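Visitor: Requesting a structural model of the entry that follows:
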Amino acid sequence: VQLVESGGGLVQAGGSLRLSCAASGRSFSRYVMAWFRQAPGKEREFVARITMFGGDAYYDDSMKGRFTISRDYARNTVYLQMNSLKPEDTAVYYCAARSYSGSTNAAAYDYWGQGTQVTVSS
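Guide: Numbering: from 1, shown residues only. Below you'll find the predicted structure:
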């Protein structure tokens with residue numbers, strides 16, 4: 001599966017952005033979809049993931065209540081709605097896919113997008 005992210009940009013603190021990740025290929029519903037992010041000089045960190053059938057979503061504690069992950073099977077797209085953004089949310093955001101079961105470990109994911117830059121100004 002190929003993943004292409006979009007929707008990043010520059011936003012002021014307190015603002016919102018919605019990231020999209022379009023998946024091509026077959027069997028979109030067989031993949032757990034996730035978002036990770038990587039800030040300069042830091043390791044890639046888990047943001048959120050959503051189960052194959054979209055029934056359950058999981059978040060890193062620091063994003064819970066501010067970020068919402070969702071998926072649209074008709075469009076083969078997963079979204080990350082980000083509200084109340086903070087300067088520390090500045091990073092490259094990556095979409096990832098893994099067959100069947102989820103994980104918060106980046107190494108467990110088989111497919112990655114190229115990333116989209118999110119910059120939050122103070």
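Visitor: so what's the most centrally placed residue in the chain up against?
Guide: Of all residues in the chain, the one closest to the mean position by Cα atoms, centre = their mean is W35, 2.4 Å from it. W35 sits next to L19, C21, V47, A48, R49, I69, V78, L80, Y93, Y94, C95, A96 when contact means Cβ atoms under 8 Å, 6 or more residues apart in numbering. To be clear about C-beta, it is placed using only N, CA and C from the backbone, and glycine gets the same treatment.
Visitor: Serialize those residues to TSV and add fields for distance to N105, pLDDT and neighbour count.
Guide: Below are the contacts of W35 laid out as TSV (distance: Cβ to Cβ, whole Å; pLDDT from 0 to 100; neighbours: other Cβ atoms under 10 Å):
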residue	distance to N105	pLDDT	neighbour count
L19	21	98	25
C21	19	97	26
V47	13	98	26
A48	14	97	24
R49	11	96	24
I69	17	96	22
V78	18	96	28
L80	18	98	27
Y93	17	98	23
Y94	14	98	23
C95	16	98	29
A96	10	97	25
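Visitor: Make JSON lines out of the residues you listed and add distance to Y31 and secondary structure.
Guide: Shown next, in JSON lines, are the contacts of W35 (distance: Cβ to Cβ, whole Å; DSSP: H, G, I helix; E, B strand; the rest coil):
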{"residue": "L19", "distance to Y31": "17", "secondary structure": "strand"}
{"residue": "C21", "distance to Y31": "11", "secondary structure": "strand"}
{"residue": "V47", "distance to Y31": "16", "secondary structure": "strand"}
{"residue": "A48", "distance to Y31": "15", "secondary structure": "strand"}
{"residue": "R49", "distance to Y31": "10", "secondary structure": "strand"}
{"residue": "I69", "distance to Y31": "13", "secondary structure": "strand"}
{"residue": "V78", "distance to Y31": "9", "secondary structure": "strand"}
{"residue": "L80", "distance to Y31": "16", "secondary structure": "strand"}
{"residue": "Y93", "distance to Y31": "18", "secondary structure": "strand"}
{"residue": "Y94", "distance to Y31": "15", "secondary structure": "strand"}
{"residue": "C95", "distance to Y31": "11", "secondary structure": "strand"}
{"residue": "A96", "distance to Y31": "9", "secondary structure": "strand"}
